[in-house]
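>>> Build me a structure from this.
(one chain, ligands or ions: 1)
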Amino acid sequence: MIEFQNVSKSFWTGQTRKVILDKSSFVIEPGQSLGILAENGTGKTTLINMMCGIEKPDEGKVIRRSRISFPLGFSGGIAPKQSAQENCRYIARLYALDPDYVESFCRYICDFDAYFEMPVSTYSRGMRARFSLAILLSLDFDYYLIDEGMPNSTDAAFNARAGEILMQKLQNATVVIVSHNERILEKFAHKAAVLGDGRLQFFDSLADAKEIYDYSNAGYF
Ligand SMILES: Nc1ncnc2c1ncn2[C@@H]1O[C@H](COP(=O)(O)OP(=O)(O)OP(=O)(O)O)[C@@H](O)[C@H]1O
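Okay, here's the model as predicted:
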């Protein structure tokens, strides 16, 4: 379970205060995969980062009673001077997993050939995104956090391998995905919410959330 209790978070820009959440309380129950719609700059990344603990609230509490992933796309845990192989083995030890398993899993998904033994800093953007997703999929979490959809990979074979494994994982795990694009959310989410005006408003369906989202973006309120 992920619970936000009276959470406030804002940033001072020098002239105004950018409010992301204002005394916001909500629970994301296991099994209730959630799609959060929000305009760019509303605070999607900040919200996801608070869920996993990369960022702290100014006030209130975030309670985590499950294994929560780092956000997909977060590369803070990957050492760019080390190879994919070395990173896999190091991360496996951090998570008390078998380094041989994590290495062979990522080797299979990424299919980088000799680049698997080259420093990550030599990889293209797409390769880095694929490696980051492979690492995430090699670890077991109860909640998978996805910021702005899946990596932009044009490698169809990779997408098929990774997509199949992600769908298998989601049979027993919950996904929280934030995006400004409802089509991305549709693929994964059962419930929906809209982030804006310092709060997260929950809806039973993505269609209901989209109606409010479109309405507010049309400038009606
Ligand atoms: N450390 C910080 N100091 C000041 N302002 C910040 C800081 N971090 C984020 N912000 C501001 O807070 C707002 C929300 O940022 P955040 O990155 O969470 O939004 P986002 O919805 O993920 O944006 P995008 O879709 O453009 O990536 C933005 O206006 C951003 O400029």
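
>>> Output the lowest mean pLDDT helix or strand found in this structure.
helix 206-217 (a mean of 74; mean pLDDT, DSSP states H and E).

>>> Just the buried positions in that one, please.
Of all the residues in helix 206-217, those buried under the rule 16 or more other CB atoms under 10 Å are 206, 209-210, 212-213. Bear in mind the C-beta positions are built from the backbone N, C-alpha and C, glycine included.

>>> same question, stretch 67-76
Residues 68-74 are the ones in stretch 67-76 that count as buried (16+ other CB under 10 Å).

>>> Considering those, which member attains the minimum pLDDT?
Ranked by pLDDT, the buried residues of stretch 67-76 bottom out at Gly73, which scores 74.

>>> Just to check, that residue is in contact with Phe131?
No: look at Gly73 against Phe131 with CB atoms under 8 Å: they stay out of range, at 11.3 Å.

>>> ok, now which ones touch the residue nearest to the spatial centre of the chain?
With distances taken as CA atoms, centre = their mean, the chain has Ile146 as the residue nearest its mean C-alpha position (2.2 Å). By CB atoms under 8 Å, 6 or more residues apart in numbering, the contact list for Ile146 reads 71-73, 175-178, 188.

>>> So of those, which two are at opposite extremes in space?
Gly73 and Phe188 (15.0 Å; CB to CB).

>>> ok, so what distance separates the residue nearest to the centre of the chain from Arg93?
Plainly put, Ile146 is 25 Å away from Arg93 if you go by CB to CB, to the nearest Å.

>>> Could you do Thr16 as well?
Applying CB to CB to Thr16 and Arg93 gives a distance of 45 Å.

>>> Would you mark the buried spots in the helix or strand Glu164 falls within?
Using DSSP states H and E, Glu164 sits within helix 156-169. When burial is assessed from 16+ other CB under 10 Å, helix 156-169 yields the following buried residues: 158, 161-162, 165-166, 169.

>>> Contact partners for Ile48?
71, 145, 147, 176, 178.
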